[in-house]
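>>> fold the following.
(chains A and B)
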Amino acid sequence: MIKISNLSKSYENIKAADDISLEVKKGEIFGFLGPNGAGKTTTISMISGLLRPDSGSIVIDSLNIKNRLKDIKKIMGVVPQDMAFYEELTAKENLLFWGRLQGVEKRLLGDRIEYYLKKTGLLGRENDPLKKYSGGMKRRINLIIGLIHQPKLLLLDEPTIGIDVQTKLNIFEIIREASAAEVTIIYTTHNMKEAEDLCHRIAIIDQGKILAVGTLEELIKLVGEKDIVIISGKFTAGQGGKIISAFPDSGVVSIGDEKMVLSLDASKEMPTLLEGFFKANIPISDVSIKRPNLESVFLKLTGKEIRE
Amino acid sequence: MRNIFLLISKDFIRKWKNPFVILGFLLMPLLFTLILGAVFGSSNEPSLPKIRVLAADNDQSLLSKLFLGAFSQGELKELIDLEIVSEIEGKKQLNKGKASALLIVPEGFQEDVFNDRSVEIMLEKNPSEQFLPQIVEEIGDTYTLLVSALFSLFSDEVKLIRNFSGEETIPDQAVSMLSLRIKNKMEGASKYVFPPVISIKQKTVVKEGEEDAEAFSFQQYVLPGISIMFLLFICNIVFEDLLRESEGGTLLRMMVSPLRINEFIWSKILTAVILGILCTYFLIFLGTVIFKIQWGAPFLLFIFVLCLNIMTAGFIAFFYSFVRT
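Alright, predicted model coming up:
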């Protein structure tokens, strides 16, 4: 459905997207996982035609974005990170407007609005102005606007920011249903749990580069069976390195002053490792052990936690 | 075109939901017109006030009384409010600004006229007034010219009258002779004077159906002027949406829909023009009802309203083409 080849975009000296290549299949929920400023929104903006790439190509449903953008826009739905609708209008007025703008016939639109409002639990509130809606309700309307014309491709830019669990689950349900109806979905998030729960495949992106792409299982295999251990304390990179050198089976993800990230079998090697610190008389302030999951994959690939 | 119509309808629904800003801008010109109308007077007042002129008769003769009395006769009576005072009192009042001019008839006025000597009548003007003393001066010039001409024409008759000035009664024979001579001269002169070759006929042009139109309406001038300024403000509200849509993310959402950017911009311009026309007609309606303003031919008025609103929308659109935030 989507084929992206060698996509790059720079802002002055900062590379927001650096030689990105990937393919997304029809009906797939594809996650873009990365911290803020990783290049997720830039990539999604290039896919939606809002930004022109410096180089590379994007082909959507066999249409090249360079010369068929107008046709692509007809089959694409976008749910931006910020709420994008008219707060003084009612939900129904907003959905009628955006639906008509996307070219949905008037006779179909009424039923479709009713269907989505029912699905999101907003039926009965359709005549209230959106300014009276809660944050979660607004998020749901924001999503419906992107879906109202039943696109083949749906781009979701962090659609669950600042909402309660119930609304998040409701949004996930709608996204899964769209995926089941063969809508291809690109979902950007910095929330690992969301990516694990929702996405069929995930691309880990940082500093404009795609570091790894695959299913959750494929990505976890990159870390192996070992745990990720983060040790913080009053030590220098040299002191830390000296202690680690006694553990040839452990892998060093990153090491610096006062903090080191290691890949090792925590159940076997942790007591000896901590003993090494105590013997060297180095005070340790924090030890954190992570079982292999998306977070540990991200940690291993980038050497930092995603919230950093 | 369908998209433009869709965007215009959306904007009108949004404005309809929050009409108070536009209503405020519509009521402002009416309020200003009311205030300015109250300050500068209503439309029913005559265009000129009566001119207060003081006259000091230092001669106290028959001729000086006749001369000054002429200012209180005929059409001049409607224009000039003449008051006979002493020269000192006249000057005092003029200095206080209580009159527009002071006419001073010198002592020996009658004697000098009868003896064919030139006579000067003094006119002192109020320096704090600009137009009214000027009008008195013009009237005085014309009047003295007329009096001089009459004295030249009837100089012989005047001399005869002067000969009898010391006597108690004038003999009947002399009166009839004088009357005959004056009559003959009048008839002779009237051949040249009447009917006049050139004359001025006054007529106030009133259009059919507008016979009751008032001569001058202050509000008629003020309301349209102020309204144009507030139309610019209303137009600005529409174009502010360009920025609001950009900052609110709705423009971005439109840009990922099949909508073209020029359709979006045209929708804003047309919204401004249509809204402007509706607001202008609303003001015209209120202007007619409240201030009884006559607006002229409806078709020409429509053309004017249309052009005016295209101009205001164009001006604001041009201005906003430079605005980024």
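
>>> run through the residues that contact residue 266.
You didn't say which chain, so I picked chain A. A:D227, A:V229, A:I289 (CB atoms under 8 Å, 6 or more residues apart in numbering or on different chains). Quick note: C-beta positions are derived from backbone N, CA and C, even for glycine.

>>> let me rephrase: I mean chain B.
B:W266 neighbours (CB under 8 Å, 6+ apart): B:I4.

>>> how far away is B:N126 from A:S267?
Distance of B:N126 to A:S267, computed by CB to CB, to the nearest Å: 113 Å.

>>> of these two, which one has the most company?
More neighbours surround B:N126 than the other of B:N126 and A:S267, with 21 against 9 (other CB atoms under 10 Å in any protein chain shown).

>>> does the more buried one touch B:K91 like I think?
No. The pair B:N126 / B:K91 is not scored as a contact, 11.2 Å apart, by CB atoms under 8 Å.

>>> one step back: considering the contacts of A:A266, which possesses the most neighbours?
In terms of neighbours by other CB under 10 Å, the contacts of A:A266 top out with A:V229 at 22 neighbours.

>>> now for the residue in the stretch 101-250 of chain B positioned nearest to chain A: which residues touch it?
Across the stretch 101-250 of chain B, no residue is closer to chain A than B:G249, which sits at 3.5 Å (CB to the nearest CB). For B:G249, the contacting residues are A:P80, A:D82, A:M83, A:A84, by CB under 8 Å, 6+ apart.

>>> give me the nearest residue to it, chain neighbours excluded.
Leaving out its chain neighbours, the residue that sits closest to B:G249 by CB to CB, 6 or more residues apart in numbering or on different chains is A:A84, at 3.5 Å.

>>> what about the helices in the chain?
I'll assume chain A. With DSSP state H as the criterion, chain A has helices at A:40-47, A:65-74, A:91-101, A:106-119, A:135-147, A:165-180, A:192-198, A:216-223, A:237-244, A:266-279, A:294-302.

>>> um, chain B though
B:2-17, B:20-40, B:62-69, B:74-79, B:87-95, B:109-114, B:132-153, B:155-163, B:172-193, B:218-248, B:250-255, B:261-291, B:298-320.

>>> what is the last one packed up against?
With contacts defined as 3 or more CB pairs under 8 Å, 6 or more residues apart in numbering or on different chains; DSSP states H and E, the packing partners of helix B:298-320 are helix B:218-248, helix B:261-291.

>>> now the fourth one
Contact partners of helix B:74-79 among helices and strands, from 3+ CB pairs under 8 Å, 6+ apart: helix B:132-153.

>>> what residue ranges in chain A score low on pLDDT?
A:304-308 (pLDDT under 70).

>>> residues touching the closest residue to chain B within it, list them.
When distances are taken as CB to the nearest CB, chain A reaches nearest to chain B at A:A84, 3.5 Å away. A:A84 makes contacts with A:N142, A:I145, B:G248, B:G249, B:T250, B:L252, B:R253, as judged by CB under 8 Å, 6+ apart.

>>> mind checking how far A:I175 is from A:G31?
Distance, A:I175 to A:G31, using CB to CB: 11 Å.

>>> what do those two both touch?
A:Y187, A:L198.

>>> between those two, who's got more neighbours?
Taking other CB under 10 Å, A:I175 and A:G31 do not tie; A:G31 has more neighbours (30 against 23).

>>> once you drop chain neighbours, what's closest to the more buried one?
Leaving aside its chain neighbours, A:G31 sits nearest to A:C199 (3.3 Å; criterion: CB to CB, 6+ apart).

>>> that neighbour reaches A:Y187, doesn't it?
Yes. Between A:C199 and A:Y187 there is a contact under CB under 8 Å: 6.1 Å.

>>> which residues are common contacts for the two?
Contacts common to A:C199 and A:Y187, judged by CB under 8 Å, 6+ apart, are A:I29, A:F30, A:G31.

>>> what does chain A put close to chain B?
A:48-50, A:70, A:73-74, A:76, A:78, A:80, A:82-86, A:88-89, A:93, A:97-98, A:100-103, A:129, A:145 (CB under 8 Å from any CB of the partner chain).

>>> now which of those residues would you call buried?
Using 16 or more other CB atoms under 10 Å in any protein chain shown as the burial test, those include A:48-49, A:73, A:76, A:78, A:80, A:83-86, A:88-89, A:93, A:97-98, A:100-102, A:145 as buried.

>>> tell me the contacts of B:S64?
For B:S64, the contacting residues are B:D57, B:V105, B:F109, B:Q110, by CB under 8 Å, 6+ apart.

>>> where's the last one relative to B:R117, distance?
Same thing as B:Q110. Separation of B:Q110 from B:R117 (CB to CB) stands at 11 Å.

>>> how about A:T41?
105 Å.
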